[in-house]
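I would like the atomic coordinates for the input below:
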Amino acid sequence: MASEHRQSRPRRSALYMPGSNARAMEKARGLPCDVVILDLEDAVAPDAKVPARDAVAAALADGGFGPREVVVRVNGLDTPWGGDDLAVFGNCGAAAVLVPKVSSADEVRAADALLGGDTRLWVMIETCAAMFRLEEIAAASKDTRLDLFVAGTNDLAKELRCVLDTGRSALAPGLFLMLAAARAHGLSVLDGVFNPLDDPAGLAQQCAQGAAMGFDGKTLIHPSQIETANPAFSPAADAVGWAQVVVDAFAAPEAAGAGVLKVQGKMVELLHLEEARRTLAIHQAITANAASLKEPVA
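Reported below is the predicted structural model:
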C-alpha cells in the first residue's frame, strides 16, 4: 500500500533550489511546486559544501514546506562529501535523498547502506554507463529503498556529445529505455530540466513531450517554470471524467467479478481500472494540495 501511495502522489513539478541559498529555501516554502529538491551538488561550490549541508539540515528541521515533498540532492558517492551527506539526511526529515550519477546496481546498494533512517532513495540516470544497466539499476529496488529515477539529461547529453534540442531527438531512445526499466519495477520517473529561461513555448513543448512519453513530472531550474509544468502533468478534465466512469462501472453490482466490461462502447479491462484509480488519486491529491496552499504554510 505504501508503494501504491507513492505512485499516486503528484510530482508534476520538482524544483531544484540551491542548498547554499537561505533566501531560495525560504522562497520554496511558498511556491506551488509538488517537490522541492534542495541541492547540494551542482548548485554549491566545493568550499561551501559543508555549510550548505548544515543549512539544509536546519531548513528541514524548521519545516514549513506544507504538502510539498522535500528531497535533498546529495553529492556523489565518489566525492569527499557524498557519504557524510547520506549519513546526515537519512534522519533529517527529508522525504527522499537524490543521488547523482548512479551507474550501477552496486552504487544503489552502496547509497542505501549509507542512508540512515527510513528516507527513500532516488537516483539520477545521467551517464552513458547507466544506460547499459538500466534494468539492473531498477531491479535494485527489490532490496533497497529506491523508488524513483530522475533523468539527468544535461549530463547525459554532455557525455554523448549530442545536440540537446527542444525535441531531444538524440535522447529519445534512452529516455524510453529509462522509462521502461523504471516501470518494469514499479518506479516513478521524473523528466530532465529545460535550460532556456526565455523560451516558454519550448518549455511547454518539452513538458508536453515528457507527459506523452509517460514521465510523472519534470525537474525544473526556476520557479517561473512551475506554471507550465503543473498543468502539463496534471490529468486532463476529460481523463478524470473517464476514470470516474470506469471506476463506477466496475463498482456496479452487475459487474461483480467481471474482468472485462463494455463501457460507453469501449472494451475496458482490469488494467484500465487500475489506471483509472491512479488518475483519480492523483487528481484528488492535486485538488487537496491546492486547497491547503491557500492557507498559510505551517
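
residue ranges for the helices of this protein, please.
2-7, 22-28, 49-62, 82-89, 105-114, 128-131, 134-139, 153-160, 172-184, 200-213, 226-232, 237-251, 270-292 (DSSP state H).

quick one, the third one and helix 82-89 angle?
Meaning helix 49-62. 20 degrees (axes from the mean of the first three to the mean of the last three CA atoms, to 10 degrees).

how about helix 49-62: buried residues?
49, 52-53, 55-57, 59-60 (16 or more other CB atoms under 10 Å). From N, CA and C alone the C-beta is placed, and that goes for glycine too.

related to what we said a few turns ago, hey, least reliable of the helices of the chain by pLDDT?
For the helices of the chain, mean pLDDT drops lowest on helix 2-7, to a mean of 52.

Let me see the confidence value for the residue sitting furthest away from the middle of the chain.
No residue in the chain sits farther from the centre than Glu254, which is 39.1 Å out by CA atoms, centre = their mean. pLDDT for Glu254: 92.

thinking again about what came up before, would you mind giving the helices of the chain as CSV with distance to Ser13 added?
Output for the helices of the chain, formatted as CSV (distance: least, CB to CB, whole Å):
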stretch, distance to Ser13
helix 2-7, 17
helix 22-28, 12
helix 49-62, 19
helix 82-89, 22
helix 105-114, 25
helix 128-131, 24
helix 134-139, 23
helix 153-160, 16
helix 172-184, 18
helix 200-213, 9
helix 226-232, 4
helix 237-251, 19
helix 270-292, 11
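
So for Val193, which of these sits nearest?
Judged by CB to CB, the one of the helices of the chain that comes nearest to Val193 is helix 153-160, at 6.6 Å.

Now the closest one: buried residues?
153, 155-157.

Out of the buried residues of helix 49-62, flag the one nearest to Asp85.
Among those, Arg53 lies closest to Asp85 (CB to CB), at 6.1 Å.

how near is that closest one to Leu187?
If you measure Arg53 against Leu187 using CB to CB, to the nearest Å, the figure is 27 Å.

and what of Glu159?
22 Å.

one step back: show me which of the buried residues of helix 153-160 is closest to Lys218.
Of all the buried residues of helix 153-160, the one sitting nearest Lys218 is Thr153; the distance, using CB to CB, is 10.4 Å.

Pull the contacting residues for Ala22.
Taking CB atoms under 8 Å, 6 or more residues apart in numbering as the criterion, Ala22 is in contact with 55, 59.

please redo it, this time with the cut-off set to 6 Å
Shown in contact with Ala22 (CB atoms under 6 Å, 6 or more residues apart in numbering): no residues.

Check Ser20 too.
Listed by CB under 6 Å, 6+ apart, the contact partners of Ser20 are 44, 48, 52.

what are the phi and psi angles of it?
Note on Ser20: backbone dihedrals following degrees, to the nearest 10 are phi -90, psi 0.

If we ignore the residues flanking it in sequence, what's nearest it?
Nearest non-adjacent residue to Ser20, counting by CB to CB, 6 or more residues apart in numbering: Ala52, 4.0 Å away.

mind listing what the one you found touches?
Contacts of Ala52 by CB under 6 Å, 6+ apart are 19-20, 40, 44.

Mind putting the buried residues of helix 153-160 into a markdown table with distance to Glu26?
Formatted as a markdown table, the buried residues of helix 153-160 follow (distance: CB to CB, whole Å):
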| residue | distance to Glu26 |
| --- | --- |
| Thr153 | 29 |
| Asp155 | 28 |
| Leu156 | 32 |
| Ala157 | 32 |
